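> what follows is a predicted structure for the sequence shown.
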Amino acid sequence: MTDILTQLEATIAERIRNADSQSSYVAQLSQHGLNKILEKVGEESIETILAAKDAHNDQTQEHVVNETADLVFHLLVMLAELGIPFEEVTNTLARRMGVSGIEEKAARGRKE
């Protein structure tokens, strides 16, 4: 499962560093800066939520799958722009495995 995410992360990083914004959507987003990337993450989040609501009502899943893919893509662009490797996200998820979500959230609250 993470192979495609690893490949996509590498492609995104390469395009941020080297691609021409005239030919690369990722380079174009990066050139416009973090606020534009965050705007796209927000837009894709809302579209994913709406697609999930529609899927719940009419049992179609293709739209929610496509919107979720768009959201994950834009999250990877955001992480790359911030210099945060996706591995940090997967490491955090691995650390949380086997821990109750309620316990994990309470532990985070104590650290803040």
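Done, it's in.
> please make it C-alpha for all contacts and neighbour counts, starting now.
Noted.
> check which helix or strand covers the residue nearest the centre of the chain.
Nearest residue to the geometric centre of the chain (CA atoms, centre = their mean): Leu75, 2.3 Å. With elements taken from DSSP states H and E, the one containing Leu75 is helix 62-82.
> just list what that helix packs against, helices and strands only.
Helices and strands touching helix 62-82, as assessed by 3 or more CA pairs under 8 Å, 6 or more residues apart in numbering; DSSP states H and E, comprise helix 2-18, helix 34-58.
> just put the ones you listed in CSV and tack on distance to Ala106 and mean pLDDT.
Conversion of the helices and strands packed on helix 62-82 to CSV gives the following (distance: least, CA to CA, whole Å; pLDDT from 0 to 100):
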stretch, distance to Ala106, mean pLDDT
helix 2-18, 28, 95
helix 34-58, 25, 94
